[in-house]
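Novice: starting from these lines, generate the structure:
(one chain, ligands or ions: 2)
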Amino acid sequence: MTSNTPKFEFISQAKLPTRYGDFTIHGFIDHSNGQEHVALSYGNWDPIATVPIRVHSECLTGDALFSTRCDCGFQLERALENIVEHGYGVLLYLRQEGRGIGLLNKIRAYNLQDQGYDTVEANEHLGFDADLRDYAICKVMLDTLYVSNVEIMTNNPQKIQALTDLGVNIISRRPIDHGITEDNKVYLRTKTTKLGHKFNPDSLK
Ligand SMILES: Nc1nc2c(ncn2[C@@H]2O[C@H](COP(=O)(O)OP(=O)(O)OP(=O)(O)O)[C@@H](O)[C@H]2O)c(=O)[nH]1
Ligand SMILES: [Zn+2]
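Specialist: Numbering: from 1, shown residues only. Ligands and ions are numbered 1, 2, ... in the order given. Have a look, this model is predicted:
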């Protein structure tokens, strides 16, 4: 990376038909660490429109391997459905597995959770903060796609704060509390009490 190379760069885009609808996939690179991230866009919008977006952090186990230990796969599906139902929207898929600690450390953290630690304690026991994610590339992705105003699908106020600090204009929040299972209730309760996520407590009883 030379001093003139931008930290984040758009590389290419292509059609991506999916089970939910016909999206376009846009590939980006973070030159500071070589990480590759993607955005999926659906439909067309005016640059001043409020565009529904989901900022989704990679979860191999939930997104691709059908795990019910977390709610990620359910949220991913619901976000794509919501976007198609709305007629346009964007999914930013960030490759920050395990809230930024990586896949193998997430498996270590799951191992500790199998022994009784909660999701935050497990991270701390491994020497990590509870959440190491960085959302900086989101602003570049949204600018590249001519998205200036967003409705964000999330239950996580910290994500909203981080995006706001980056200059993303968040007009509204749409809750995305789908995918509560007997396997993930305790995890979701911990996210509510320790990480500030907004879940209806009745749904987690
Ligand atoms: N370290 C760690 N990461 C986890 C664990 N369970 C899920 N993850 C990761 O957490 C990330 C998703 O974060 P969540 O806290 O579920 O949700 P969020 O993206 O902050 O908030 P929402 O927008 O409301 O979904 C993904 O990268 C998952 O791989 C866990 O027990 N430990
Ligand atoms: Zn997950």
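
Novice: now do the phi/psi pair for the spatially most central residue of the chain.
Specialist: Among the residues of the chain, H56 comes closest to the average C-alpha position under C-alpha atoms, centre = their mean, at 1.6 Å. Backbone geometry at H56, expressed as degrees, to the nearest 10, gives phi -110, psi 130.

Novice: list the buried residues for stretch 94-109?
Specialist: By neighbour count, with 16 or more other C-beta atoms under 10 Å as the criterion, the buried positions of stretch 94-109 are 94, 96-102, 105-106, 108-109. All C-beta atoms are positioned from the backbone trio N, CA, C, and that covers glycine.

Novice: the protein: strands as residue ranges?
Specialist: Along the chain, counting by DSSP state E, strands occupy 8-17, 22-30, 35-42, 50-57, 89-94, 149-153, 169-174.

Novice: need those in JSON lines with mean pLDDT and distance to ligand 1, can you?
Specialist: Listed next are these as JSON lines, based on pLDDT from 0 to 100; distance: least, C-beta to the nearest ligand atom, whole Å:
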{"stretch": "strand 8-17", "mean pLDDT": "98", "distance to ligand 1": "19"}
{"stretch": "strand 22-30", "mean pLDDT": "98", "distance to ligand 1": "16"}
{"stretch": "strand 35-42", "mean pLDDT": "98", "distance to ligand 1": "13"}
{"stretch": "strand 50-57", "mean pLDDT": "98", "distance to ligand 1": "4"}
{"stretch": "strand 89-94", "mean pLDDT": "98", "distance to ligand 1": "8"}
{"stretch": "strand 149-153", "mean pLDDT": "98", "distance to ligand 1": "7"}
{"stretch": "strand 169-174", "mean pLDDT": "98", "distance to ligand 1": "10"}
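
Novice: distance to T68 for these - can I get that in TSV?
Specialist: As requested, the strands of the chain are arranged in TSV below (distance: least, C-beta to C-beta, whole Å):
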stretch	distance to T68
strand 8-17	26
strand 22-30	25
strand 35-42	24
strand 50-57	17
strand 89-94	20
strand 149-153	20
strand 169-174	23
